[in-house]
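*Asks:* just the structure for this:
(2 chains)
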Amino acid sequence: GAVVSQHPSRVICKSGTSVKIECRSLDFQATTMFWYRQFPKQSLMLMATSNEGSKATYEQGVEKDKFLINHASLTLSTLTVTSAHPEDSSFYICSADFVRRETQYFGPGTRLLVL
Amino acid sequence: KQEVTQIPAALSVPEGENLVLNCSFTDSAIYNLQWFRQDPGKGLTSLLLIQSSQREQTSGRLNASLDKSSGRSTLYIAASQPGDSATYLCAVYNQGGKLIFGQGTELSVKP
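*Replies:* Coordinates of the predicted model:
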């Protein structure tokens, strides 16, 4: 199956700093990439949808200036959490699809802890 | 707005039991429905995908059914094993091109 990687797998940072998370599709070109957030014991909540070369579409309630998404190529999308606060601590998961409305392939997730 | 609900939220069974996990969704206009497995602190593993025109899919000890008209799906796990312990997530791919997840069922299979 298709492989999606995320880096880093775990990051601890101080409050006020910015953190960048990378999502790569390793063996296919993704038409669209998605970013999800998952709090403990809760389900995945879609944060934004990004298409290569265009601006990301954010879900209601997600601050686009705080969660910057760049989709520079068909195999790479980045999520930057700017001026991170402890309440941003969560599990961030990306996914990618190349057959629209078929399925999404998920990365292993990034655990962010903001102190 | 599509909403996906999973029942029960948690389930503990002895090894060897057959079990059923339930998923319901409010809007039947879906492209497909998927069942995923998530181990603690890990990403998602796709288990079964049922297209909207299908009624069931099987993979090994797993069988998933879909009744689109009533907005329901079930995941049947036969002869459960301790290695099946994980959180099982149901998700529907809606016509807006988004995957909407349920809250998950946390399964524990005791040896």
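*Asks:* and the most centrally placed residue in chain A, how far from chain B?
*Replies:* Of all residues in chain A, the one closest to the mean position by CA atoms, centre = their mean is A:Trp35, 3.5 Å from it. Distance check for A:Trp35 against chain B: by CB to the nearest CB, to the nearest Å, it reads 12 Å. From N, CA and C alone the C-beta is placed, and that goes for glycine too.
*Asks:* residue contacts, that residue?
*Replies:* Residues near A:Trp35 by CB atoms under 8 Å, 6 or more residues apart in numbering or on different chains: A:23, A:46-48, A:50, A:67, A:69, A:77, A:79, A:92-94.
*Asks:* make it 6 Å
*Replies:* Neighbour list for A:Trp35: A:47-48, A:79, A:94 [criterion: CB atoms under 6 Å, 6 or more residues apart in numbering or on different chains].
*Asks:* A:Tyr58 now?
*Replies:* Here A:Tyr58 is in contact with A:48, A:64 (CB under 6 Å, 6+ apart).
*Asks:* before we move on, what about B:Leu19?
*Replies:* Counting by CB under 6 Å, 6+ apart, B:Leu19 touches B:13, B:77, B:80.
*Asks:* who does it form a beta bridge with?
*Replies:* B:Leu19 has the following beta-bridge partners by DSSP bridges: B:Ile77.
*Asks:* does B:Trp35 touch B:Thr74 like I think?
*Replies:* No: the pair B:Trp35 / B:Thr74 is not scored as a contact, 9.6 Å apart, by CB atoms under 6 Å.
*Asks:* report the contact partners of residue 105.
*Replies:* Since you didn't name a chain, this refers to chain A. A:2, A:4, A:96.
*Asks:* oops, chain B please
*Replies:* B:6, B:11, B:21, B:88.
*Asks:* cool, A:Gly109 as well?
*Replies:* Per CB under 6 Å, 6+ apart, neighbours of A:Gly109: A:91, A:93, B:43.
*Asks:* which one among the residues you listed gets closest to A:Phe28?
*Replies:* Closest approach to A:Phe28 among the contacts of A:Gly109 (CB to CB): B:Gly43, at 16.8 Å.
*Asks:* can you read off the pLDDT for the closest one?
*Replies:* B:Gly43 carries a pLDDT value of 89.
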